[in-house]
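**Student:** Sequence and predicted structure, then a few things I'm wondering about:
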Amino acid sequence: MIIKLKDVTKKFTTNDLSFQALAGITLSVNEGEFIAITGTSGSGKTTLLNIIGCLDGQTSGEYLIMGESVGKFDEARKASLRNEVFGFVLQDFALVEHYTVRQNVTLPLMYVKDKKKKKGRENGAKDLLAKLGIEHKEKERTALLSGGQKQRVAIGRALINEPKLILADEPTGALDQKTSKDIMEVLKKLNEEGKTVIVVTHDPFVANCCKRVIQLEDGKIVSDTTRTA
Ligand SMILES: Nc1ncnc2c1ncn2[C@@H]1O[C@H](COP(=O)(O)OP(=O)(O)OP(=O)(O)O)[C@@H](O)[C@H]1O
């Protein structure tokens, strides 16, 4: 088991107003899973993904990564998890538009202290771009790319540090149907190669591409189904 949440809640408080975004989430994720988190707008999908990715903390309950309680980790440990264990893919790509494709993909290497590891990954960047079908764009500025190509760059950036898990928040939200299909094919292939993939989506097509679908409503899991075929 790679991830376990036990009765996790999240409350946001602003100006004395309190909002319960997650209301007792219990969930286990095994290595190699391909999961969609779905639900209507405001159901808590992004809040849950942010807690899983250690971008935010829970209000109560326990979150364990590979058996260790995240509550005990200091900021440095959480930052290293974000850089080494998780690869993040976002709806708006979040690329540095005036950087080239290669510069964007290799950006997270800035935080890698181990020189040998860093060099190896730098050398592997070209193969990664080839795998994502954007090697011919290596030296191009990302501002000039199509939406689908930009998302491939963002996936490359998420993969460069060889994470265990890919966390994608509406990865196809800014793409047309055909390009969305292509991007889901890329994620499917990564999953087949062993990566654990969690996708937040409100798009039934995207959810259908995943093997397990977890549906949230008002901060609670209302269904959790795994496709058997
Ligand atoms: N930082 C915050 N401060 C206050 N309330 C927040 C904050 N972040 C999220 N919320 C609230 O928590 C609820 C869940 O938000 P969340 O973004 O997780 O929903 P979502 O299911 O991802 O929605 P969407 O599909 O619209 O992105 C919403 O009602 C939202 O307004």
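**Tutor:** Good, I have the coordinates. As the structure is a prediction and not an experimental result, all values here were calculated from the model.

**Student:** What strand or helix carries the residue nearest the centre of the chain?
**Tutor:** Compute the mean C-alpha point of the chain, and by C-alpha atoms, centre = their mean the closest residue is Leu167, 1.2 Å away. Using DSSP states H and E, Leu167 falls within strand 165-169.

**Student:** follow-up on the earlier one: now for the residue nearest to the centre of the chain: which residues touch it?
**Tutor:** 49, 52-53, 86-89, 198 (C-beta atoms under 8 Å, 6 or more residues apart in numbering). Glycine gets a C-beta too; all of them are placed from N, C-alpha and C.

**Student:** what's the answer for Leu129, then?
**Tutor:** Here Leu129 is in contact with 101-102, 105, 135, 137-138, 156 (C-beta under 8 Å, 6+ apart).

**Student:** give me the number of residues near Ile221?
**Tutor:** Using other C-beta atoms under 10 Å, the number of residues around Ile221 comes to 20.

**Student:** Sorry, slip of the keys, the one I care about is His98.
**Tutor:** Quick note: His98 (other C-beta under 10 Å) scores 10 neighbours.

**Student:** and what of Ala125?
**Tutor:** The number of residues packed near Ala125 is 20, by other C-beta under 10 Å.

**Student:** same question, Thr59
**Tutor:** Thr59 has 15 neighbouring residues, counting by other C-beta under 10 Å.

**Student:** can you check the one 10 residues further on too?
**Tutor:** Neighbour count for Ser69, taken as other C-beta under 10 Å: 12.

**Student:** Now the closest residue in space to it that isn't next to it in sequence: which helix or strand?
**Tutor:** Spatial nearest neighbour of Ser69, chain neighbours left out: Glu62 (5.9 Å); criterion: C-beta to C-beta, 6 or more residues apart in numbering. Per DSSP H and E: Glu62 is located in strand 60-65.
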